[in-house]
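Peer 1: Sequence and predicted structure, then a few things I'm wondering about:
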Amino acid sequence: MVKNIKMKIFTILLVILLCFFGYSNDKAYALIATGKCGDAYWTLDDDGTLLIRGQGTTGAWSYRVGSDYANDADDIKYYKRQIKTVIFDGNITSIGNSTFSNCENLISITLPNSITSIGDSAFWDCRSLTSITIPNSVTSIGNYAFSSCSNLTSITLPNSITAIGNYAFSSCSNLTSITLPNSITAIGNYAFSSCSNLTSITLPDSITAIGDNAFNRCGLTSITLPNSITAIGNYTFYACARLTSISFPEGFRSIGTYAFSNCDSLTNIAFPQSLTQIDSYAFNDCDG
């Protein structure tokens, strides 16, 4: 008798709880942690979704412990490893230095139209990142911004970009294509170095400067320099082993040290009459 009464009470309480809280077949994701990220605030769910809220610039990470904030490096690395997708809410204007560096499980991210700049090492070593959408509001990409994003396969830069920083896409070993807009005026040192699967790239006429080692050890098979380029620096196309031909524009004047050294397959090259300087070892070990 007592047992039956207890069972009835339990059943009634269960019905009340279900009515009060509701019932859903959807999985409820638990909150792992919350904290600050530069000017913004973040929350991370156990499904790997990072929500960034606020305005201004993202930056140094801290996480909430009670009513205070802590920034233990190992804990922050742990939280970053849990991130798979990122959602923005608010008016974030800049992705600050190293904001998403070492987020090794981050798969995709869409930056909001409020973003104007991507800082140094912002996405460094995001090795699971396969694609990213950069809005037309972005004007600059910092040094090492996407360096070592080894699974990034393609990227299209908007017409608002004017410069690509040093090492910006270096060691993106699976990058096969990139579209450079006519707004680009400068490519930084080592910008695409060690992009071993980048077989082609179109350089727009807006580019006036290509940094040293910019395409060092790339998979390029041919290259046409635009009329706006009058010189290339040291080691610019060093060890591009698949490069078979290069076209220089009339008006081109100078080739830097080791610029095409170790380009083993280079067989087709015609120098313009305007060329006045070829620095030492520019074509060293070009056995093609």
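Peer 2: Received, thanks. All values derive from a computational prediction rather than experimental measurement.
Peer 1: Please report how far Ser148 lies from Ser200.
Peer 2: Separation of Ser148 from Ser200 (Cβ to Cβ, to the nearest Å): 22 Å. Just so you know, the C-beta spots here come from the backbone N, C-alpha and C atoms, and that holds for glycine as well.
Peer 1: Let me see the ranges of the helices in the stretch 51-200 of the chain.
Peer 2: Assigned by DSSP state H, counting those that start in this stretch, the stretch 51-200 of the chain shows helices spanning 73-82.
Peer 1: mind showing which ranges of it have poor pLDDT?
Peer 2: Regions of the stretch 51-200 of the chain meeting the criterion pLDDT under 70 are absent.
Peer 1: residue ranges of the strands in it, please?
Peer 2: 61-65, 68-70, 85-95, 108-110, 117-118, 131-133, 140-141, 154-156, 163-164, 177-179, 186-187 (DSSP state E, counting those that start in this stretch).
Peer 1: what's the closest of these to Asn262?
Peer 2: Closest of those to Asn262 is strand 186-187, at 20.5 Å (criterion: Cβ to Cβ).
Peer 1: Contacts for that closest one, please.
Peer 2: 162-164, 207-211, 214 (Cβ atoms under 8 Å, 6 or more residues apart in numbering).
Peer 1: Same check on stretch 215-226?
Peer 2: 190-207, 232, 235-240, 242-249, 252.
Peer 1: Could I get the CA-only coordinates of it as CSV?
Peer 2: Provided in CSV are the C-alpha atoms of stretch 215-226 (Å, rounded to 0.1, in the frame of the first residue of the first chain):
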residue,chain,number,x,y,z
PHE,A,215,56.4,32.2,-53.1
ASN,A,216,59.4,30.2,-51.7
ARG,A,217,58.9,26.4,-52.2
CYS,A,218,55.4,26.8,-53.8
GLY,A,219,53.9,24.3,-56.3
LEU,A,220,53.6,27.0,-59.0
THR,A,221,54.0,25.7,-62.6
SER,A,222,54.0,29.1,-64.3
ILE,A,223,53.9,32.7,-63.4
THR,A,224,53.1,36.0,-65.2
LEU,A,225,54.3,39.1,-63.6
PRO,A,226,52.0,42.1,-64.1
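Peer 1: Any buried residues in it, and which?
Peer 2: 215-220, 223, 225-226 (16 or more other Cβ atoms under 10 Å).
Peer 1: which one among the residues you listed gets closest to Ile269?
Peer 2: Ile223 (10.5 Å).
Peer 1: mind listing what the closest residue to Asn97 other than its chain neighbours touches?
Peer 2: Take Asn97 and drop its neighbours on the chain: the residue closest to it by Cβ to Cβ, 6 or more residues apart in numbering is Gly119, 4.2 Å away. For Gly119, the contact set (Cβ under 8 Å, 6+ apart) comprises 57, 94-99, 142, 145.
Peer 1: Reformat these into CSV and put neighbour count next to each item.
Peer 2: Output for the contacts of Gly119, formatted as CSV (neighbours: other Cβ atoms under 10 Å):
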residue, neighbour count
Thr57, 20
Ser94, 22
Ile95, 27
Gly96, 23
Asn97, 21
Ser98, 19
Thr99, 26
Gly142, 24
Ala145, 28
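Peer 1: Now do the same contact list for the nearest residue to Lys80 once chain neighbours are set aside.
Peer 2: Among residues not flanking Lys80 along the chain, Cys103 sits closest, at 4.8 Å (Cβ to Cβ, 6+ apart). By Cβ under 8 Å, 6+ apart, the residues touching Cys103 are 80-81, 83, 123, 126.
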